[in-house]
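Asks: any chance you could fold what I've pasted below:
(2 chains)
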Amino acid sequence: MSQEATCSAASSSIANETVGQVVDRGPISLGRILTNRWFLHTVSIVAFFWLWDWLARSNVLGAGSSVLARPHEVLEQLAVLTREELAELTLWGHVWASTQRVVIGFSIAAAIAVPLGLFMALNRYVNAIVKPLFDLLKPMPPISWISISILWFGIGETSKVFIIVLGTFVPCLLNAYNGVRLVEPELYDVVRMLGGKRRDEILHVCFPASFPAIFAGLQISLSIAWTCVLAAELVSARSGMGYIIVQGMNLSQPAMVIGGMAVIAAAAWGTTLLVTALERKLCPWKRKIVGL
Amino acid sequence: MIECRNVSKTFIQKGSQEVPVLEDVSIDVQANEFVVILGPGQSGKSTLLRIIAGLETPTTGTVILDGEPVTGPGADRGLVFQGYMLFPWKTVLGNVEMGPKLCGLPRDEARDIAMHYIDLVGLNGFEKHYPHQLSGGMKQRVGIARAYANKPRVMLLDEPFGQLDAQTRIFMEQETERIWQTDKRTVLFVTNNTDEALFLADRIVTIEGKLPGRVQRTYTVDLPRPRDLTGKHFLEMRREIIDASVLTL
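Replies: Numbers count the residues shown, from 1 in each chain, chains lettered A, B, ... in the order given. As a prediction, this is how the structure comes out:
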């Protein structure tokens, strides 16, 4: 009796929800279908699009089609953009323009900030020199640099890449730095006891131990890079997804605006997947987090 | 073989407060002898092991290994850690062959040595596993193999089975004896468990329970191996040690 009580208490525990165990494997019944995870996913997505469509059709938000486009209108608008040029570029051209800026800016920042962060963690003189400058830069939102960068570099590629470098620099550096700082110190003792020198401690402990933190920094940086490129393009650009969104706004075409937002989300998601794949390749020892 | 001569250690804590951890510890260990240092928690016994390892320097006194004073960590002493301290980014093989590689052996030779010791600790078939895929007992087998792979003159084990459950612990003690009998080394083994000490030791050195740690007594255990944990002589010695080391708080 008491055994049963503890069992039922365990099955209603929050741990079962968060750990994601399969609780029951009984015969298929209506109740099981209704509580199935994939069924619930489908329900929530269908409900979302239905609500969106209803809001666009009804006049709840005001004067109909100039405020919110219906889902299929967004798709149609995107299809038109792949065929017809906007400012001499098709949709793919604009996606590529934004992606290029993100990749260049992100790569420059990562190539400088990650090694610098590692250096700062390993050498207190480098740390003492760089840290005050970095602390000065750190709290400044990257977007606040847009105006000055346009004054310096004009409205071309350089000013946009500059903003992205500034925005992504901070998390890249911080994570590399903390990655080394948080290494279990006894692991250095292991290397020493096995006959290693300082060089081996850095090579066999510092670098691999900080990899997961570095990759966390890269992931954060990547999403910041997309935010930065969009902001820079919204302010001034003749290409890129931000440009499409601004054009949509000026032409009072919500389908274009929402389409631009959806495409940028897809592009950002794609680059995130690439970094995740790279991390899997380089850190096979990391436990995979299931269900996220 | 190993000689600790009047080793004392005082740590300076924040606010320059001095904490004496070891006082005037002298221990002699003969070649291929299995010596267990037995003492309760916080008695400085791990610090003593770290001093012998060369990871800490004694405040006064010296540690002499084969006639040479110990000045720092080195591959001639193999250390097994209480918290395993495996490299999570390396496989079992990668962990074990690390020592021979760091000592400059060619890749093939390092691998052969590593495979030999993985086999000795009973982990053949697991060499491609990562540490997070292993149980506690298996992790410590890797820790032992890794320390053995450098063929050290002395094995230093710092409460190696402290995190294991009681059954696994007894099994690992039997395994430790088997491994030691197969590949004899001088061993210094730190524990707080009297049964573990009596099961493994040629000689037990007890450390007093209050800081600073001092050598209390030395017991020679000449029971035949493998020892019976419930044998008459075993239990008599157990009573003797426990009676002599009851903590006064």
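Asks: quick one: the helices in chain B?
Replies: For chain B, the helices defined by DSSP state H occupy B:45-53, B:92-96, B:98-102, B:107-120, B:136-148, B:166-182, B:194-200, B:232-244.
Asks: the longest one to helix B:107-120, inter-axis angle?
Replies: Computed with axes from the mean of the first three to the mean of the last three Cα atoms, to 10 degrees, the direction of helix B:166-182 lies at 120 degrees from that of helix B:107-120.
Asks: thinking again about what came up before, chain A: which of the helices of chain B is closest?
Replies: Of all the helices of chain B, helix B:98-102 sits nearest to chain A, with 4.0 Å by Cβ to the nearest Cβ. No exception for glycine: its C-beta is placed from N, CA and C like everyone else's.
Asks: alpha carbons only: can I get the closest one in PDB?
Replies: Output in PDB follows, covering the C-alpha atoms of helix B:98-102 (Å, rounded to 0.1, in the frame of the first residue of the first chain):
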ATOM      1  CA  MET B  98      48.800  10.000 -22.000                       C
ATOM      2  CA  GLY B  99      51.600   9.400 -19.500                       C
ATOM      3  CA  PRO B 100      53.800   7.400 -21.900                       C
ATOM      4  CA  LYS B 101      53.200   9.900 -24.600                       C
ATOM      5  CA  LEU B 102      54.100  12.900 -22.300                       C
END
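Asks: for that helix, packing partners?
Replies: Contacts defined by 3 or more Cβ pairs under 8 Å, 6 or more residues apart in numbering or on different chains; DSSP states H and E place helix B:98-102 against helix B:107-120, helix B:136-148.
Asks: can you list the helices of chain B in a markdown table and add distance to A:Ile214 and mean neighbour count?
Replies: Putting the helices of chain B into a markdown table (distance: least, Cβ to Cβ, whole Å; neighbours: other Cβ atoms under 10 Å in any protein chain shown) gives the following:
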| stretch | distance to A:Ile214 | mean neighbour count |
| --- | --- | --- |
| helix B:45-53 | 31 | 23 |
| helix B:92-96 | 20 | 26 |
| helix B:98-102 | 22 | 24 |
| helix B:107-120 | 27 | 17 |
| helix B:136-148 | 26 | 25 |
| helix B:166-182 | 36 | 16 |
| helix B:194-200 | 41 | 22 |
| helix B:232-244 | 51 | 13 |
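Asks: so which of those helices comes closest to A:Ser239?
Replies: For the helices of chain B, the distance to A:Ser239 is smallest for helix B:92-96, at 48.1 Å, taking Cβ to Cβ.
Asks: show me what the closest one is packed against.
Replies: Right, helix B:92-96 is packed against helix B:107-120, helix B:136-148 by 3+ Cβ pairs under 8 Å, 6+ apart.
Asks: what are the contacting residues of it?
Replies: B:86-87, B:111, B:114-115, B:117-118, B:123, B:126-131, B:134, B:142, B:145-146, B:149 (Cβ atoms under 8 Å, 6 or more residues apart in numbering or on different chains).
Asks: then stretch B:233-246?
Replies: Applying Cβ under 8 Å, 6+ apart, the external contacts of stretch B:233-246 come out as B:38-40, B:194-195, B:197-198, B:204, B:206, B:209, B:216-217, B:219, B:221, B:223, B:227-228.
Asks: just the buried ones from the residues you listed, in ChimeraX syntax?
Replies: Buried members of these, defined by 16 or more other Cβ atoms under 10 Å in any protein chain shown, are picked up in ChimeraX with:
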select /B:38,39,194,195,197,198,204,206,209,216,219,221,227
